[in-house]
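Take a look and give me a structure for this.
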Amino acid sequence: MSEPASAEHPSIVRFREAHARLGGTGEVVILPDSVHTAALAAEALGCEVGAIANSLLFDAAGEPVLILTSGSHRVNTTATAERIGVPELKRASPDFVRQHTGQVIGGVSPIAHPAPVPTWLDRQLQEYDVVWAAAGHPAAVFSTSYDELARLTGASTVDVE
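From the prediction side, this is the model:
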């Protein structure tokens, strides 16, 4: 289903390298079309929308914060900022996202960023045996578990609603 690494987008190649280096066990799947929303990804994968881990990068007073949230949740930015101890969480611009992740909105993976990004993991994702997250490109996803995602990212758990 996936193309040889030499034909893949550079951000997918970087993701695969980081995934292997960190001991990731999930399968990388290249879908025929972009799946830049949780609903589109869930439909393409045949899973519940809640099993999609959206990688949402926020601007916290100029510093990046990555929230990995269940596709069935919306982040309450005021409450979540308070819970993680930052002054505020603002929607990041596309340039801010690319600068801090090396990836584009809709394809931001939980790993493979140019520098470490403080990461938080939505508690809701624990309900799923298999969680799917972006693999560095809007048409690439990978399977994982809540525990592996926490290990790969060093994320702490947070309630986001």
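
The protein: strands as residue ranges?
28-30, 52-60, 63-70, 90-91, 119-122, 131-134, 140-144, 156-158 (DSSP state E).

most packed of those?
Highest mean neighbour count of those: strand 131-134, a mean of 26 (counted as mean count of other C-beta atoms under 10 Å). Yep, even glycine has a C-beta here, placed from its N, CA and C like the rest.

Show the pLDDT at Ser6.
If you check Ser6, the pLDDT there is 48.

let's have the chain start at 420 instead
With 420 as the first residue, the last one maps to Ser425.

quick revisit: looking at the strands of the chain, spot the one closest to Leu441.
Evaluated over those, closeness to Leu441 peaks at strand 559-563, with 10.8 Å, by C-beta to C-beta.

Contacts for that closest one next, please.
Outside of strand 559-563, the residues within contact range by C-beta atoms under 8 Å, 6 or more residues apart in numbering are 428, 431, 434, 438, 443-450, 454, 460, 464, 472, 526, 528, 549-554, 571.

Any regions of the chain where pLDDT drops low?
Low-confidence segments of the chain (pLDDT under 70): 420-425, 453.

Pull the contacting residues for the most centrally placed residue in the chain.
By C-alpha atoms, centre = their mean, the chain has its centre lying nearest to Ser474, at 3.0 Å. Contact analysis of Ser474 by C-beta under 8 Å, 6+ apart lists Leu485, Ile486, Leu487, Val527, Ser528, Pro529, Ala552, Ala553.
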